[in-house]
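Asker: coordinates only, no sequence provided:
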C-alpha cells in the first residue's frame, strides 16, 4: 500500500476565500487524480494529472502535479458553498495493475 | 439507469446475519471494484475484478466474499461480520487498459451498520 497524506484534514472557510489542499507521498505515481465526494454520494472525478509539473485548471480550481510526481496540490479561488465536500487525491501505481491508492482526504466546508 | 448503481443504500445487520450488497454498472466498463470507506481512514481497496476475473484481494477477511457473475454486476456477500466492519462500501467501475490513468466511476455506496 502506498500512503498519500493530505493536509489539512479539515478546513472551514468563508465564502470568497482562497484555499490550498496538499497531497504528499514518498512514492512516485504514474498519474494522480483528484475526486470530490459530497454527503451521501460516491467520489466524483475532478481531474487527472499525468506529467510532472503539469498544471490543470477547472474553472476556479487549479491542480498541480509535482515535478517528481510524488505530490500534488489543489487550489480553489473564491470558494463557494457548492465547493463543500470531501476532496480525495488518488495516485495510480506504476505496476502493471494500475491500481489507485487514495489519500486520507480533506473535508472542506465553505460557509455562506 | 445510468452510471453505477448500488443497493441497498443502507443496511443494518446483526453479527450472525448473512446479507449481500449489489452493484450494477451501465457504462460498458470491464473492471469493477469494492472499496471500504471508514471514518478517518483512506479509502481501502478490497477487491478488483478485470473481465470478471478477480485480480486483487487485499487481505480481506473471509467474512467478505465477492462475486462477479458478469462484467456488469458485482456482489459482496457478508457473513458473521464484526461491529468494526461498519462502514460505507463503495463500488466502482472503470475501463481498464494498458495505458494506465485508471479512472473510476463510483456508486453512491451502501452504508453498513453491524450491531
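Answerer: Ah, there it is. Small disclaimer: the values here were computed from a predicted structure and weren't measured. Numbering: from 1, shown residues only, chains lettered A, B, ... in the order given.
Asker: so what strands line up beside the strand or helix carrying residue B:112?
Answerer: Counting by DSSP states H and E, the element that carries residue B:112 is strand B:110-114. Within its sheet, and counting by DSSP bridges, strand B:110-114 is paired with strand B:10-13 (parallel), strand B:87-94 (antiparallel).
Asker: report the buried residues of that strand.
Answerer: Neighbour-count burial for strand B:110-114, counted by 16 or more other CB atoms under 10 Å in any protein chain shown, picks out B:110, B:111, B:112, B:114. Using the backbone N, CA and C atoms, a C-beta is placed for each residue, glycine as well.
Asker: then stretch A:36-55?
Answerer: Here stretch A:36-55 shows A:36, A:37, A:42, A:43, A:46, A:47, A:48, A:49, A:50, A:54 as buried, counting by 16+ other CB under 10 Å.
Asker: any chance of those in TSV, with pLDDT too?
Answerer: Putting the buried residues of stretch A:36-55 into TSV (pLDDT from 0 to 100) gives the following:
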residue	pLDDT
A:36	97
A:37	96
A:42	95
A:43	96
A:46	97
A:47	96
A:48	94
A:49	94
A:50	91
A:54	95
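Asker: now for those residues: which two are most distant?
Answerer: For these, the maximum inter-member distance is 25.7 Å, found between A:42 and A:54 (CB to CB).
Asker: so for residue 29, what's the pLDDT?
Answerer: Reading this off chain A. On pLDDT, residue A:29 comes in at 90.
Asker: try chain B instead
Answerer: Confidence at residue B:29, expressed as pLDDT, is 92.
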